[in-house]
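Whatever this is, show me its structure:
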Amino acid sequence: MKTMAMEEEQFVTNTAGKRVAVLPDLKTYQRLREAQEELADIRAYDAARPVALAELRAGRCATLARHRSPIIMTCGCCLRP
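Predicted structure coming up:
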């Protein structure tokens, strides 16, 4: 395979000249990685939100002060109101 530059983009081609991959520059690669991480965060939030809202509606929540308390809880029984 060989690499050829075309208008700021680099493509890897096979022996027949067909493009089989793209080689982005480092700045573009970093922007893509950051966008990928941000999208993963958004998807995690979207998945967790309905669960959190359901727990809040059911009264299964803790205050920030309770959360910060030094007591380590291993079960959910201490979170019941």
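
From here on, just use CA atoms for contacts and neighbour counts.
OK.

For the spatially most central residue of the chain, which three-state class applies?
Taking CA atoms, centre = their mean, the centroid of the chain lies closest to Ala40, which sits 2.0 Å from it. Under DSSP: H, G, I helix; E, B strand; the rest coil, the three-state class of Ala40 is helix.

Give me the distance between it and Ala47.
Noted for Ala40: a distance of 11 Å to Ala47, by CA to CA, to the nearest Å.

what does Leu39 give?
Distance from Leu39 to Ala47, counting by CA to CA: 12 Å.

just Thr28 next, same as before
Relative to Ala47, Thr28 is positioned 28 Å away (CA to CA).

what does Glu55 give?
Taking CA to CA, one finds Glu55 at 14 Å from Ala47.

Going along the chain, name the helices of the chain.
26-57, 64-68 (DSSP state H).

and the gap between the residue nearest to the centre of the chain and Leu23?
The spacing between Ala40 and Leu23, counted by CA to CA, is 23 Å.

Ok, Cys61 next?
48 Å.

What of Gln36?
17 Å.

Flag the shaky bits of this structure, pLDDT-wise.
Residues of the chain that meet the criterion pLDDT under 70 lie in 1-7, 67, 70-81.

Kind regards, and thank you for your time.
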